[in-house]
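Enquirer: predicted model follows, preceded by the sequence.
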Amino acid sequence: MAQRSSALAVLLVVSAAGSAATQDLPPPENYHLRAEYLRWWPKLGAEVQKGEEGSLTNVTNDLGVPDESTFELRGTLRLGASHKLSGSYTRLAYVGDVTEHPTVRYGSQTFFPGTRLVTSMKGGYYGGQYEWDFVTGGQGYLGAVVGARLLDLDVLMVAPVEARREQESVRIWRPVVGVSARGYVGQRVSIAGTIAGLTLGSRGYAIEFDVSAQIHLFDRIAVKGGYRAVKVKDVRGSSRIEFRDNGGTIGVELSL
């Protein structure tokens, strides 16, 4: 019975300390759940190669795949004054349609110049991480993050006139570590940023950078604008993909 009472007392003290520390944060940071919607206008840069006979092909210059705007959804669960779990999803949907292109060898198919070639790259980019804010206070926080990123992409090349096609499903997991911070300028403006990534040597890497400025209309609602960049590379034997997206963002943030 004494042991249970002691454990309960320790739990109450830790809970009270965490609550007090949370109160020291700026009012917009006193939340349990935060949801964000971002509109993103990235500039695409990507190269793909499939098979030993495959050519390294630039999807923008060689296949005419244009830049496309997209969206990102984020969610953060606060576990205490200094601990958070967060996840994100970005939709990816690109289509190119060209006849003027170099010779493209992809997998078992060769597409010669003058052949109408339709390229589709569709899927999503996912993120998940744990964050420990080792510095917190009335002006914001500075924390360390550890997590993973997943590029889930279906790449398809079709010569519709000739009824030929080749496709590949890409599933790239990469661990990431990094830092995250937010500083408040007065009560209604904050600057936030995160940089995370990790290289696996010749196998590839994942790197992500995000910076934004928030205008807090209320303690629970903010509008934001910034810049985001994502780079993922994967080399598997004779197959290779390097995917890059970077550009401006605007969005809204809801804290509960």
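Expert: Happy to help now that I have it. Numbering: from 1, shown residues only.

Enquirer: I figured Y37 hits T249, correct?
Expert: No: the criterion here is Cβ atoms under 8 Å, and Y37 misses it with T249 at 10.3 Å. The way it works is simple: take the backbone N, C-alpha and C, and place the C-beta from them, glycine included.

Enquirer: neighbour count winner among those two?
Expert: Neighbour count, other Cβ atoms under 10 Å: between Y37 and T249, T249 has more, with 19 against 14.

Enquirer: tell me who's in contact with that one.
Expert: Counting by Cβ atoms under 8 Å, 6 or more residues apart in numbering, T249 touches 38-41, 72, 212, 224-228.

Enquirer: which among the residues you listed count as buried?
Expert: 38, 40, 72, 212, 224, 226, 228 (16 or more other Cβ atoms under 10 Å).

Enquirer: hmm, back to that, tell me, what's touching Y37 and T249 both at once?
Expert: E72.

Enquirer: pLDDT below threshold where in the stretch 1-150 of the chain?
Expert: Where the stretch 1-150 of the chain drops to pLDDT under 70, the residues are 1-23.

Enquirer: what ranges do the helices span in it?
Expert: 2-23 (DSSP state H, counting those that start in this stretch).

Enquirer: please, where are all the strands along it?
Expert: 33-49, 57-58, 70-78, 83-98, 104-106, 109-111, 117-137, 140-159 (DSSP state E, counting those that start in this stretch).

Enquirer: for the ones you listed, give me CSV that also has distance to D219.
Expert: What follows is these, written out as CSV (distance: least, Cβ to Cβ, whole Å):
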stretch, distance to D219
strand 33-49, 12
strand 57-58, 47
strand 70-78, 14
strand 83-98, 18
strand 104-106, 52
strand 109-111, 56
strand 117-137, 17
strand 140-159, 15
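
Enquirer: ok, back up a step: and the contacts of T249, which is closest to T99?
Expert: W41 (27.7 Å; Cβ to Cβ).

Enquirer: which ones are touching the closest one?
Expert: 67, 69, 247-249 are the contacts of W41 under Cβ under 8 Å, 6+ apart.

Enquirer: can I get the contacts of T249 in CSV including distance to L150?
Expert: Formatted as CSV, the contacts of T249 follow (distance: Cβ to Cβ, whole Å):
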residue, distance to L150
L38, 18
R39, 22
W40, 17
W41, 23
E72, 14
S212, 23
K224, 24
G225, 26
G226, 23
Y227, 22
R228, 17
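
Enquirer: residue contacts, the nearest residue to R105 once chain neighbours are set aside?
Expert: Once flanking residues are discounted, R105 sits nearest to S55: 4.4 Å by Cβ to Cβ, 6 or more residues apart in numbering. Each residue near S55 by Cβ under 8 Å, 6+ apart is listed here: 49, 103-106.

Enquirer: dihedrals phi and psi, S55?
Expert: In terms of degrees, to the nearest 10, the main-chain angles of S55 are phi -100, psi 150.

Enquirer: dump the residue contacts of the spatially most central residue of the chain.
Expert: Closest residue to the average C-alpha location of the chain: G127 at 5.4 Å, with Cα atoms, centre = their mean. Contact analysis of G127 by Cβ under 8 Å, 6+ apart lists 86-89, 147-150, 208.

Enquirer: how about a cut-off of 7 Å?
Expert: 87-88, 147, 149 (Cβ atoms under 7 Å, 6 or more residues apart in numbering).

Enquirer: out of these, who's the most crowded?
Expert: Among the contacts of G127, R149 has the most neighbours (other Cβ under 10 Å), with 23 neighbours.

Enquirer: distance of it from V232?
Expert: Per Cβ to Cβ, to the nearest Å, R149 is found 7 Å from V232.

Enquirer: then G80?
Expert: Taking Cβ to Cβ, one finds G80 at 31 Å from V232.
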